[in-house]
Every structure is written in C-alpha cells, then in structure tokens.
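Chemist: Pasting the sequence and the predicted model now:
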Amino acid sequence: MAHIQLPEGLPGILGPMAFSPQTTKPLNELAEVLLRTNDTLSPAERETIAAFTSRRNDCFFCSTSHGAAADYLHGREANVVQQTWDNYQTAPISPKLKALLTIAASVQQGGKQVTPEQVELARAEGATDKDIHDTVLIAAAFCMYNRYVDGLATWAPQDPAVYADMGEALATKGYVHFNEPQPA
C-alpha cells in the first residue's frame, strides 16, 4: 500500500506522476533526453545503464521496466539485461559499456565514488566526454527516479509479460508520449 493516496491501478512511477502532473512533464522530458538520444551512446546502451542502476538500487519496477526496454532494443533473445545484472563484466556488451557501467555503479553508491581511473578506462575503451557525462547523469537521475517510486511505496506488477509490453512501448513511443491515449 502506497504511503499517500495515489490513483488506483497505476503501477510504479505512473501513480505518482498521475498524482502530481506538474512534476510529470519535466520528469518525462528528462527521461526522453537521457534515454532516447541516439549519438555515440545508443538508446539500448542508455536503457541498459538505467536498468543497471535501478537494479543496484533494488527498484523492481524501474529495473524491470527499463530492463524490458533495453532488451527490446538489444533484441529480446539476447537476454542482455539479465546478464548485466548477473555480472556485467562477462555480459555480451561492448568494453566501452562495461567501463561506463563501472562508472554508473560508482554513481549509484555516491557521486564522489567515481575515480579518475574509472574515467580513464572508459576513455581507453572509446567513451567520449559526452558518454561519460550522460552515464553519470543517467545513473544520478535513476537514483532519483528509484527513490521517488520506492519512497512512496508504489506497487509493481509481478507478471513479466506486463513489463515486456511496457518495455516495447517505452522503446518505441518514448517517455513524453508514453501516457497519452492512443487513437483507436
């Protein structure tokens, strides 16, 4: 049961967003920019960083929904996200993404945990300053989103099929238009 009266039937972050529409718009716009920009970090890599950080924060809703989005983008049969959760150093991802996940893991512990050696390793694996910037910001933002979802004790569906559909919708529609009614 949520700590405050949230609209019924809306899982995870959707309940607090319906409760407070004035904060929903900037939160969704931030997620859109962080996760759907396609430059030297792909949307699949960006969603993987979000899911990885959320998993380390023990946020079931965010890790599962963003993990499903990342798996949709990577190709579901590859099961990349579960492998990054099990051991990202042996997961089938690029050396650059492994180095960036090391930085994300440090950010999840606290911003001052990021070391010059971690940043140098990421650069040696081909990360740009923008990649490093965006990784730190994605990890920091997902610490906030995770605490928002869990701090209000929102409920999360347990059926994996719900997340597969949600992940596909996030990956294809994005965050700004995710909650808008679709034409029949």
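Modeler: Sure, I can see it. Residues are numbered from 1 along each chain as shown.

Chemist: Listing request: residues of the protein with sub-threshold pLDDT.
Modeler: 178-184 (pLDDT under 70).

Chemist: counting residues per helix, which one in it is longest?
Modeler: Assignment by DSSP state H gives helix 129-151 as the longest helix of the chain.

Chemist: Can you give me the separation between Ala69 and Ile103?
Modeler: Ala69 sits 21 Å away from Ile103, taking C-beta to C-beta, to the nearest Å as the criterion. C-beta here means a position set from N, CA and C on the backbone, and glycine is covered the same way.

Chemist: rewinding a little: tell me which residues of the longest helix of the chain come out buried.
Modeler: 131-132, 134-136, 138-143, 145-146, 148-150 (16 or more other C-beta atoms under 10 Å).

Chemist: which helices and strands does it pack with?
Modeler: helix 21-36, helix 43-56, helix 60-74, helix 95-109, helix 116-124 (3 or more C-beta pairs under 8 Å, 6 or more residues apart in numbering; DSSP states H and E).

Chemist: Could you check how far that helix is from the centre of its chain?
Modeler: Chain-centre distance of helix 129-151: 8 Å, with C-alpha atoms, centre = their mean, to the nearest Å.

Chemist: Could you figure out how far that helix is turned away from helix 60-74?
Modeler: Angular relation of helix 129-151 and helix 60-74 on a 0 to 180 degree scale: 140 degrees, by axes from the mean of the first three to the mean of the last three C-alpha atoms, to 10 degrees.

Chemist: I figured Thr90 hits Gln83, correct?
Modeler: Yes - applying C-beta atoms under 8 Å, one finds Thr90 in contact with Gln83, separated by 7.3 Å.

Chemist: okay, these two: which has more neighbours?
Modeler: Neighbour count, other C-beta atoms under 10 Å: between Thr90 and Gln83, Gln83 has more, with 14 against 10.

Chemist: And that one, how close does it get to Ala70?
Modeler: Counting by C-beta to C-beta, the gap from Gln83 to Ala70 is 11 Å.

Chemist: ditto for Pro7
Modeler: Between Pro7 and Ala70 the computed distance is 27 Å (C-beta to C-beta).

Chemist: before we move on, what about Glu47?
Modeler: 4 Å.

Chemist: Next, name the residue at the spatial heart of this protein.
Modeler: What sits nearest the mean C-alpha location of the chain, by C-alpha atoms, centre = their mean, is Ala50, with 2.4 Å.

Chemist: Tell me how many other residues crowd the closest residue to that residue other than its chain neighbours.
Modeler: Closest residue to Ala50 apart from its sequence neighbours, by C-beta to C-beta, 6 or more residues apart in numbering: His66 at 4.3 Å. His66: 32 surrounding residues under other C-beta under 10 Å.

Chemist: Hmm, Arg55 and His66 touching each other?
Modeler: No - at 9.2 Å, His66 does not count as touching Arg55 under the criterion of C-beta under 8 Å.

Chemist: Noted, bye for now.
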